[in-house]
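A.B. asks: prediction below, plus the sequence it came from.
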Amino acid sequence: MKDRSIEKMVTKVPLKDQPSDAEYWRTKSYAERIGAVEEIRLEYNRWKYPDAEQRLQRVYRVVKLK
């Protein structure tokens, strides 16, 4: 994984002039959007389950034979 450093930044904007989050994400490509969601998912899982290793989920199917 790559390490990210977040730089603190504060900008005062009047409430009526605030940019829309939806408009920002519409300017991004599908790949960038999916990448951002995946990064958030990984970050959440590392926070929620710090000792768990990533694995594939097992799927079982029961089939009745004649």
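C.D. replies: Yep, that arrived. Numbers count the residues shown, from 1 in each chain.

A.B. asks: remind me which residues of the protein are low pLDDT?
C.D. replies: 1-2 (pLDDT under 70).

A.B. asks: mind naming the longest helix for it?
C.D. replies: Secondary structure assigned by DSSP state H gives helix 30-48 as the longest helix of the chain.

A.B. asks: so how far is that helix from its chain's centroid?
C.D. replies: Average the C-alpha atoms of helix 30-48, do the same for its chain, and the two points are 2 Å apart (C-alpha atoms, centre = their mean, to the nearest Å).

A.B. asks: which residues touch that helix?
C.D. replies: By C-beta atoms under 8 Å, 6 or more residues apart in numbering, the list of residues contacting helix 30-48 from outside reads 1, 25, 28, 52, 54. All C-beta spots, glycine's among them, are computed from the backbone N, C-alpha and C.

A.B. asks: what is the burial count for the closest residue to the third one other than its chain neighbours?
C.D. replies: If you skip the residues right next to it in sequence, K28 has A36 as its closest partner in space, 7.7 Å away by C-beta to C-beta, 6 or more residues apart in numbering. A36: 12 surrounding residues under other C-beta atoms under 10 Å.

A.B. asks: same check, this time on I6
C.D. replies: Under the criterion other C-beta under 10 Å, the count of neighbours that I6 has is 5.

A.B. asks: just E53 next, same as before
C.D. replies: Other residues lying near E53 total 5 when counted by other C-beta under 10 Å.

A.B. asks: now do E39
C.D. replies: If you count neighbours by other C-beta under 10 Å, E39 ends up with 13.
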